[in-house]
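[1] How does the following fold in three dimensions:
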Amino acid sequence: MNWQRARRPEQKAERIAAILDAAAELFDDNEFDAISMRDVADHAGLGKASLYHYFKTKEEVFLTLYREELGRWLESVTMGLGRLRKPTPKRVAEVLTSALQRHERFCRLKVLFASVLERNLSQEFLIEYKRSLVGPVEAFAATIKSVTPHFSSEDAKAFAFQHHALVAGLWPIAHPSPQVESVLQAFEFQGFRTEFAPLLIRTFVNLLSPID
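    Next comes the predicted model:
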């Protein structure tokens, strides 16, 4: 697609959406390190100079994509937990895990979030970006509190960060590179293998259960 210069707000919004769609499609098939700003521009049908008009770095592009995926995942979680008539720690854990399995792109971006994506950014962008995450984090904490009556508001906020850390740490372990996966096929290394969903559910249940 060849774009003309965006002048109206709706045109700029359309352009940004196209950039994020292009980044998402590239990320679904490639590792982050293999994607360049030129790749994103070409996939979106933009000139590279035009792309830099909207995003100064690749990290800005993918952090913005992360925020979009966060919104989609949060909607899925909210709907799933809202359908629970009798929310128990096990049922809540299963809903949370199922939502993550349906949002693989979000999980992969979460792995990169603190160690890779929050780099190469201007102070201005980072401040505004962090502000934009306050609402979703508080919304997730409120949703968790609504299905765990024994949680205080602080407990729910703590769980929101524990959730993030668990996914960011467990996802790459449960989804190793092809080279590591081939090594783990050997019987002597079976103890290093783990499945994402079962372990996540067990861990969530432990975190969500009342302390005796």
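
[2] contacts, neighbours, all on C-alpha from now
    Will do.

[3] How much space separates Thr57 from Thr97?
    Note on Thr57: its distance to Thr97, by C-alpha to C-alpha, to the nearest Å, is 32 Å.

[4] Can you pick out the residue with more neighbours from those two?
    Shown here are Thr57 and Thr97; by other C-alpha atoms under 10 Å, Thr97 has more neighbours (21 against 16).

[5] Restricting to C-alpha, output stretch 41-51 in PDB.
    C-alpha atoms of stretch 41-51 as PDB (Å, rounded to 0.1, in the frame of the first residue of the first chain):
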ATOM      1  CA  ALA A  41       8.100   0.300   6.900                       C
ATOM      2  CA  ASP A  42       8.100  -1.900   3.900                       C
ATOM      3  CA  HIS A  43       5.500  -4.200   5.300                       C
ATOM      4  CA  ALA A  44       3.300  -1.200   6.200                       C
ATOM      5  CA  GLY A  45       3.800   0.300   2.700                       C
ATOM      6  CA  LEU A  46       5.600   3.300   4.100                       C
ATOM      7  CA  GLY A  47       8.900   4.900   3.400                       C
ATOM      8  CA  LYS A  48      11.400   4.500   6.200                       C
ATOM      9  CA  ALA A  49      11.500   8.300   6.700                       C
ATOM     10  CA  SER A  50       7.700   8.300   7.100                       C
ATOM     11  CA  LEU A  51       7.900   5.600   9.800                       C
END
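
[6] ok now that stretch, how far from the chain's centre?
    With C-alpha atoms, centre = their mean, to the nearest Å as the basis, stretch 41-51 stands 24 Å off its chain's centre.

[7] swap in stretch 177-187?
    Averaging C-alpha positions (C-alpha atoms, centre = their mean) puts stretch 177-187 26 Å from its chain's average.
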